[in-house]
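**Student:** I'd like to go over a predicted model; first the sequence, then the structure.
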Amino acid sequence: MHHDPTARQCLDTHSVTRPSPSLKPLVAIACGGTGGHLFPGLAVGEQLLIRGCDVTLLVSAKEVDQHGVTSALGMKVATLPAIGMTRGKLLQFAAGFWKSYRAAKQLFRDRPPQSVLAMGGFTSAPPVLAGRACGATAFLHESNTIPGKANRWLAHFVDQAFVGFPTAAGRLHHQNILCTGTPVRPQFEAGEHASCRMALGLASERPVLLVMGGSQGASGINELVLQALPALLKASPELQFIHLTGPNDVAKVLAGYDAHKARAVVRPFLTEMELALGAATVAVSRAGASSLAEIAAMRLPCVLVPYPTAADNHQFHNASAYVETGAALLFNQKGATGDALASRLLSLLTDKSAHATMTKALEHWHHADAAEMIAERMIALMEATHGGRWKSTLKSNPTSASLLRVTVPNV
């Protein structure tokens, strides 16, 4: 593959050779910005690889993306110079959008994709437009109950839309919408707690509370849990903790557990989330759609604390959908106290009947075949559009593949 000489490229440390040119169809997946966009994109990418496609992930330069894609074996990874849209920075967003669009076009000039999939967020729009410009079929996936701005706008430019919640379909202006659920990676499967706890250095027989605020962490949840510690440990002295703090609160949270002599695994972020979810008895979490899908896959009873300033209050609506079916408890952060949070958590930690009822209700929200449905639909429409050029058939998952990392310059 010959790249533009201005492109800056570096092979990942565990890649030793560049893959040879392929006649396989290429699918580009724009999935950066947050773990909630990245990890469902990875799940779809894995299914496309199995079905004989080549896959390129288009992500941002944010640490969560660069760390998360280290598990993207067999896929190429391109970093685009996109930035999010924030109040008062419209010009910076527009400049980043244009640079990202030009960078995607430059990347696609070397090898045009046959399909492009947007998983939402600020990295999605430029690659979809660049893909359309070179004849690719275009898709989007909206994981939240309330579609984000990027996907609402992109709905006018794609051939097919997928949604995680049925209620999202009516909020996207598109005639071809399929409700698939939100994809999760295959390692998210309910199983035995003991092995996951031991893998994280915890006692296998003692209950575990998992605290997580999404890939960026959540200072509000961190503070509430620290306030709740005395009541939690008084009622459940054997309780252990896995606390994913985000990048800013690690030292403070670690000091809080040390002060109470509580057994805790404290990390800013954990790529192996299946271990954390598998080890947990109960969780307290934000209500991002990807986190909810993983919680459902692992059948983990939880107390949801929606991010109070999320766009369109979408996390509240995500959480409400689960709460209405008995699959979670809702806890509003505004005006909350640690004791109130402790009471909610203890209702699940100590009441076996309530725990079992919620575990059963979570089955309703697990869509084990979401990634497969999306991959199959993409391949069918891609083949129809391109005259049946590829006859993709299921085959075993590749056992050895290298990761090519490409950083696309600011052009």
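**Tutor:** Received the coordinates, thanks.

**Student:** count of neighbours near H317?
**Tutor:** A count of neighbours around H317, defined by other C-beta atoms under 10 Å, yields 18. The C-beta positions use only the backbone N, C-alpha and C, and glycine is treated the same way.

**Student:** same deal with E192?
**Tutor:** Around E192 there are 10 other residues, counting by other C-beta under 10 Å.

**Student:** how about the nearest residue to it, chain neighbours excluded?
**Tutor:** G278 (7.8 Å; C-beta to C-beta, 6 or more residues apart in numbering).

**Student:** now T123
**Tutor:** Per C-beta to C-beta, 6+ apart, closest to T123 is G32, 4.0 Å.

**Student:** The one you found and L58: what is the separation?
**Tutor:** 7 Å (C-beta to C-beta, to the nearest Å).

**Student:** ditto for P147
**Tutor:** The separation that P147 has from L58, given C-beta to C-beta, amounts to 20 Å.

**Student:** Can you pick out the residue with more neighbours from the two?
**Tutor:** Set side by side, P147 and L58 show more neighbours around L58, with 35 against 27, by other C-beta under 10 Å.

**Student:** Burial check on the residue nearest to T123, number of neighbours?
**Tutor:** For G32, using other C-beta under 10 Å, the count is 31.

**Student:** Can you name every helix or strand that the helix or strand hosting the residue nearest to E192 contacts?
**Tutor:** G278 belongs to helix 273-279 when assigned by DSSP states H and E. With contacts taken as 3 or more C-beta pairs under 8 Å, 6 or more residues apart in numbering; DSSP states H and E, helix 273-279 sits against helix 193-199, strand 208-212, strand 240-244, helix 289-297.

**Student:** quick one: which of the ones you listed is nearest H37?
**Tutor:** helix 289-297 (7.6 Å; C-beta to C-beta).

**Student:** Compute the inter-axis angle for the closest one and strand 208-212.
**Tutor:** Orientation check (axes from the mean of the first three to the mean of the last three C-alpha atoms, to 10 degrees): helix 289-297 against strand 208-212 gives 160 degrees.

**Student:** List the buried residues for the helix or strand just after helix 289-297?
**Tutor:** Counting by DSSP H and E, the next helix or strand C-terminal to helix 289-297 is strand 302-304. Within strand 302-304, the residues that count as buried by 16 or more other C-beta atoms under 10 Å are C302, V303, L304.

**Student:** And for stretch 244-257?
**Tutor:** Those would be L244, T245, G246, D249, V250, V253, G256, Y257, for stretch 244-257 by 16+ other C-beta under 10 Å.

**Student:** quick one: stretch 63-82 to chain centroid distance?
**Tutor:** Offset of stretch 63-82 from its chain centre (C-alpha atoms, centre = their mean, to the nearest Å): 13 Å.

**Student:** what does stretch 254-267 give?
**Tutor:** On C-alpha atoms, centre = their mean, the centre of stretch 254-267 falls 27 Å from that of its chain.

**Student:** Once you drop chain neighbours, what's closest to A190?
**Tutor:** R299 (4.5 Å).

**Student:** Hmm, the one you found is touching F188, no?
**Tutor:** No - contact criterion C-beta atoms under 8 Å: R299 and F188 do not qualify, at 10.3 Å.

**Student:** Helix, strand or coil: sort out the residue nearest to D312 when sequence neighbours are not counted for me.
**Tutor:** Using C-beta to C-beta, 6+ apart and skipping residues adjacent in sequence, the residue nearest D312 is I146, 4.4 Å away. The three-state assignment at I146 reads coil, by DSSP: H, G, I helix; E, B strand; the rest coil.

**Student:** For burial, what's the neighbour tally of I146?
**Tutor:** 19.

**Student:** and the gap between it and V253?
**Tutor:** Taking C-beta to C-beta, one finds I146 at 30 Å from V253.

**Student:** Check S100 too.
**Tutor:** 35 Å.

**Student:** With respect to L210, which of the buried residues of stretch 244-257 is nearest?
**Tutor:** L244 (7.9 Å).

**Student:** Point out where this protein drops to low pLDDT.
**Tutor:** 1-22, 82-89, 214-217, 387-411 (pLDDT under 70).

**Student:** List the buried residues in the longest helix along it.
**Tutor:** For the chain, the helix with the greatest residue count under DSSP state H is helix 90-110. Residues G96, F97, K99, S100, Y101, R102, A103, A104, K105, Q106, L107, F108 are the ones in helix 90-110 that count as buried (16+ other C-beta under 10 Å).
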